[in-house]
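Return a 3D structure for these sequence lines:
(one chain, ligands or ions: 2)
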Amino acid sequence: MDFPKLERKILNFWEKNQIFKKSISKRRGRPYFSFYDGPPFATGKPHYGHILATTIKDTVLRYWTMRGYQVPRRVGWDCHGLPVENLIEKEMGIKNKKGIEKLGIEKFNLSCRSVVFRCVNDFEKTLRRVGRWADYKNSYATLDPDYIESVWWVFKKIWDMGLVYKDYRVSPYCPRCGTPLSNFEVNLGYKEVKDNSVYLRFRIKGPEFKDIFFLVWTTTPWTLPANLALAVNPEIQYLLIEKDKKRYILAGKRKKLLEGGKVLKKFSGKKLLGLKYEPLFDFLFNKEVKEAENAFSVLPADFVSDEEGTGVVHIAPMYGDDDFQLGKKFNLPLIHTLDLEGRFKKMVSDWSGLFAKEADPLIIKKLEEKSLLYKEEKVLHSYPFCWRCDSPLLYYALECWYIAVSKIKKQLIANNKKIRWVPGHIKEGRFGKWLLQARDWAFSRNRFWGAPLPIWQCQGKKGENKGCGNVKVAGSFKELEKIVKRKIKDPHRPYIDEIEFNCPKCGGKMKRTPEVFDCWFESGSMPYAQWHYPFENKRFLEKTFPADFIAEGLDQTRGWFYTLHVIATILTLKDIGLGKNRPAFLNVIVNGLVLDEKGRKLSKKLGNYPEPKEIFDRYGADALRYFLLTSTPIGQDYRFSEKGVQDTWRRTLLTLWNSYLFFETYKEKGFSPKKRIIPKNVLNRWIISRLEQLKQEVIFEMERYEITKAARKINSFLEDLSNWYIRRSRDYFKKPKQKREKDEFSQTLYYLLKEFLKISAPFLPFISEYLYLELREKKEPQSVHLSDFPKPKKNLIDGKLEEKMRLAREIAAKALAKRAKAGIKVRQPLLELQINKPELKKEKELLNILKEELNVKKITFGRTLKLNTKITPELKEEGLLRELSRQIQQLRKKARLKPKDKIFVYYFASAQLKKPLEKNKKLFVKEAQIKDIIFEKKAKKELLIEKEVNICEKKIWIGLKKTKN
Ligand SMILES: [Zn+2]
Ligand SMILES: [Zn+2]
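Ligands and ions are numbered 1, 2, ... in the order given. Purely as a prediction, here's the structure:
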């Protein structure tokens, strides 16, 4: 069966008949099921991670559509930010920000714009091929002016609540990109690296301290030229230790650093405060430093611990958060030794122009020459790198715009309580913990390609250096257009930078602050911006906020999930139409990574995965989707392998296909479905009970968004259907004792398949649709996806029967194991099975099923399960005939005969085989469903097929001939 071909047919069918559109329009007037799509960057090709998230989304949304909701879906594209800028820089060979300024912002941004949609076609093609239903034509993009206007509106709301401020602070900073990063961006790029770790001698000033040093530790030697103070903890105990004729001060707990030394004195950190020391270098000796009272002295700080280092901390105010706060408290001068590219400034004459981290070894060497180095070693520690360009980040003091997230921590935590996380542990775990330590969000980027900050600040009149402090924040284009009396066509840089106006307070010039938004602010604003809220679609958005459901990867707990949550929480602090105190989403499924079989990342370099297209072409999208839905519990990492997909394809898709084929082959002639079926046979009653149970289970799991559990139920039902129901009911279809019997079985299997396809439709959208169309009656919906998800008929669920059947199957499995152990094939009839389950004594039908399954003449009750393995001559003869019948069936198949084709069988064998056959000929002909069996060897040309086979180690020749009627 060519599933990929079948799927292409279905894709055409959906397209041609506008099934997706109908799935929404059909539900007009019904409540909405609201979904937000996390916009991907379409600058790279789609990979398995995208396919995984898209499968989860599509499955959930198809399910709720079938439950009767309106489920509008649109895709969106993330267009702005460093990922795109870095791509262009690489392509144009631009090394840093200066290079961009030299080229011109206009040219640079036009280039960025030109690549944003480079892979959109690949994305769309892949998503469509996976079967992801969405409104592709009306996709949104974060670069649309409408989108940006809504981002401004969101920002203005946050501004009006007094939660935005500008501050000079130490932030993680990428010197290559020339911009600060937010703390969650930093979390994306930690790496284990080997760094220099040095212990230094700081000589204490004053004749009474001759040859006494502070022992100081650092892993960032490049910060040493900026050292302005040392810090100790006044509450900690310190020691004076003599070693190798030098005396050192360090925390008592760190004594072992000076092993072999002699302790001279113990004292508290308080005693050290105010001591002066000799600077390591003299680069900073300007007027400001000379006048600073506290420069190069020992200051108190409670962040100093004696758990690591030496308990004496080197302070460079511009290059550490604690350092900066301490510097501010003690009025230390704020002097940068590095420029914005992270290179030493002229004042650090020895290394000027050198990148900070590159200067590390030279700084260490210099200190060694000055005899100020006590010890040097390498340490392995995790260090943050830029998630986009891979440069080591520096902690660097800068002016930056912040959102006071720490002020709304309580509300963030309270709103998280309203969200269902799948898997559940993320709620209080990864996400909850992240909220507990929520920090203010540095949301401005000193970059070019992004939504510009709508903040205009007074610069004062010509010749004045300072403005009057007036600030104008625009929450819409109109607001700005009114002031400047011109239209805003493109809100991007550099055009927006040209918008200037007079300060209404002092008559000075109002200029835009040059930064753009962090692209995570933009994607976090998508619930509002995708609909150009509140300028358009006001009522629609307010009806569909918050989202009922979203789904993305685990990395988004600190990315998109977080920014959605922060922005929604702020916007609903007051009810401005979106409700009060609401999260942005109510249910979220979080998936893990897709790794290779051995748990390695999928990488082009390793070549450890097949392209998605190859998988689609070989097994189809359903196989891949179902593999992703069932192979791994949600939240854990996937071990992807082609074999895994192939197994799914065989186990699930082929099984379903074969079950359908069985129905088509053996259904009664002129079959027409009845409205109601009243199954009598135990097999039918059982499988229908299982089906109704399945509906109930899938609904239960899907309502809890336990998508793996729901998907797996489908497969276990299929196993019951094909491995038990169909196998055990074969005879009722092939050689029914009464017409009524065949009718009941045909009706039951038809009902089963049709209902099953409606249950499996969200999980296996293609094959479910294909088979539904094959089985559909005219009056029924045009597509399985336009059907309602079937309601469980509780009166047909028979728990007791299911339990008894389970027992019977358990006995069957054990008895078959005994047969296998004795080396007796199932085709060889045996006399008796003794079982130990008296509760089955009255279950005649079940016992008959067991007898057929196990090929035994009778079942008796006793204390233990026992199989009589004695083969009498009569049993042996019977086995022989069965084997022959099987061989004939195989030849039929090989000759591609249909079940309705009638045949003559010719055979030639020794007397040992001929005798029993002639004796039981009448019965054999009936059982094997042939016209006749004749002892005669015919010429090959007269036959359809011939073969010599072994039966019980005896040779027998068989030939088949088709008859006309
Ligand atoms: Zn960077
Ligand atoms: Zn002013």
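
to the chain's geometric centre, what's the distance from stretch 481-488?
44 Å (C-alpha atoms, centre = their mean, to the nearest Å).

Can you measure across it, start residue to end residue?
End-to-end distance for stretch 481-488, by C-alpha to C-alpha, to the nearest Å: 7 Å.

next one: stretch 272-289
21 Å.

Residues in contact with that stretch: which ones?
200, 202-206, 209, 214, 224-228, 230, 232, 234, 238, 249, 295-300, 333, 335, 337, 347-349, 367, 370, 372 (C-beta atoms under 8 Å, 6 or more residues apart in numbering). Bear in mind the C-beta positions are built from the backbone N, C-alpha and C, glycine included.

Now restrict the residues you listed to buried residues only.
Buried by 16 or more other C-beta atoms under 10 Å: 200, 202-204, 214, 224-228, 230, 232, 238, 249, 295-300, 333, 335, 337, 348, 367, 372, out of those.

out of the contacts of stretch 272-289, which are inside helices?
Within these, residues falling in helices by DSSP state H are Leu367.

Would you double-check that Gly607 falls in a helix?
No - counting by DSSP: H, G, I helix; E, B strand; the rest coil, Gly607 is not part of a helix but coil.

quick one on the thing from earlier: ok, and of the buried ones among the contacts of stretch 272-289, which contact ligand 2?
Contacts with ligand 2 within the buried ones among the contacts of stretch 272-289, as defined by C-beta under 5 Å from the ion: none are present.

and those, which of them are in strands?
200, 202-203, 214, 230, 232, 238, 249, 297-300 (DSSP state E).

Is Ile176 in a helix, a strand, or coil?
If you look again at residue 176, you'll see it is Arg, not Ile. Per three-state DSSP, Arg176 ends up coil.

Give the full set of residues in contact with it.
By C-beta under 8 Å, 6+ apart, the contact list for Arg176 reads 96, 341-342, 386, 389, 391.

thinking Pro612 is in contact with Pro46, fair?
Yes - with contact defined as C-beta atoms under 8 Å, Pro612 counts as touching Pro46 (7.4 Å).

Can you tell me how far the residue lying closest to Leu380 once chain neighbours are set aside is from Ile363?
Distances taken as C-beta to C-beta, 6 or more residues apart in numbering place Lys194 nearest to Leu380, at 5.6 Å, with adjacent residues excluded. Counting by C-beta to C-beta, to the nearest Å, the gap from Lys194 to Ile363 is 17 Å.

The two: which has the busier surroundings?
Ile363 (26 against 10; other C-beta atoms under 10 Å).

any idea which helix or strand carries that one?
helix 356-369 (DSSP states H and E).

contacts for that helix?
Against helix 356-369 from outside (C-beta under 8 Å, 6+ apart): 175, 196, 198, 200, 220-222, 224-225, 280, 338, 342-344, 350-351, 354, 373, 376, 392, 394.

Go through the residues you listed and flag which are in strands.
196, 198, 200, 373, 376, 394.

Could you tell me which residues of the chain lie near ligand 2?
458, 468, 470, 503, 505-506, 508.

returning to what we had before: buried subset of the contacts of helix 356-369, written for ChimeraX?
To isolate the buried subset of the contacts of helix 356-369 in ChimeraX, counting by 16+ other C-beta under 10 Å, use the following:
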select :175,196,198,200,220,221,222,224,225,280,338,342,343,344,351,354,373,376,392,394
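
how about the helix or strand bottoming out on mean pLDDT in the chain against ligand 1, any contact?
The helix or strand of the chain with the lowest confidence, counting by mean pLDDT, DSSP states H and E, is helix 183-186 at a mean of 81. No - shown here: helix 183-186 not in contact with ligand 1 (C-beta under 5 Å from the ion), separated by at least 9.8 Å.

Do you have the strands of the stretch 601-750 of the chain handy? List them.
638-640 (DSSP state E, counting those that start in this stretch).

residue of it with the smallest distance to ligand 1?
Lys601 (21.1 Å; C-beta to the ion).

where does the residue of the stretch 51-200 of the chain found nearest ligand 2 land in three-state SS?
Per C-beta to the ion, Lys166 is where the stretch 51-200 of the chain lies closest to ligand 2, at 16.5 Å. Put simply, Lys166 is strand when judged by three-state DSSP.

Sketch out the low-pLDDT regions of the chain for me.
Low-confidence segments of the chain, defined by pLDDT under 70: 965.

Next to ligand 1, which bits of it? Give me the list.
Checking the chain against ligand 1 by C-beta under 5 Å from the ion, the hits are 174, 176-177, 386, 389, 391.

who wins for neighbours among the residues you listed?
Cys174 (27 neighbours).

Beta-bridge partners for that one, please?
Under DSSP bridges, the beta-bridge partners of Cys174 are Thr179.

Could you verify my assumption that it touches Pro384?
No - here Cys174 lies out of contact with Pro384, judged by C-beta under 8 Å, at a distance of 9.5 Å.

Can you tell me what sits against the helix ranked longest in the chain?
For the chain, the longest helix by residue count, based on DSSP H, is helix 799-822. Applying C-beta under 8 Å, 6+ apart, the external contacts of helix 799-822 come out as 682, 685-686, 689-690, 693, 724, 825-826, 830, 833, 835, 837, 839-840, 843, 846, 849-850, 853-854, 856, 865, 867, 869.

can you check stretch 105-113 too?
For stretch 105-113, using C-beta under 8 Å, 6+ apart, the contacting residues are 79, 84-85, 88, 91-92, 94, 100, 143, 448-449, 492-494, 497.

of all those residues, which two lie farthest apart?
Glu91 and Asp497 (24.2 Å; C-beta to C-beta).

Now for Phe184: which residues touch it?
Per C-beta under 8 Å, 6+ apart, neighbours of Phe184: 434, 520, 558-559, 562.

likewise Asn12?
Asn12 touches nothing, counting by C-beta under 8 Å, 6+ apart.

before we move on, which element is it in?
helix 3-17.

immediately after that helix, which helix or strand?
helix 19-25.

mind saving the C-alpha coords of that following helix as CSV?
This file holds the C-alpha atoms of helix 19-25, laid out as CSV (Å, rounded to 0.1, in the frame of the first residue of the first chain):
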residue,chain,number,x,y,z
ILE,A,19,-12.4,21.2,4.0
PHE,A,20,-10.4,23.3,6.5
LYS,A,21,-12.4,26.4,5.9
LYS,A,22,-15.6,24.3,6.2
SER,A,23,-14.4,22.9,9.5
ILE,A,24,-14.6,26.4,10.9
SER,A,25,-17.6,27.8,9.0
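
Beyond it, next helix or strand please.
Criterion used, DSSP H and E; the element after helix 19-25 is helix 48-66.

what helices or strands is that next one leaning on?
helix 120-130, strand 550-553, strand 587-591, strand 594-596, helix 621-630, strand 638-640, helix 707-720 (3 or more C-beta pairs under 8 Å, 6 or more residues apart in numbering; DSSP states H and E).

now the angle between strand 587-591 and that helix, please.
Compare the direction of helix 48-66 with that of strand 587-591 by axes from the mean of the first three to the mean of the last three C-alpha atoms, to 10 degrees and you get 150 degrees.

How far off centre is helix 48-66?
That offset, for helix 48-66, works out to 11 Å (C-alpha atoms, centre = their mean).
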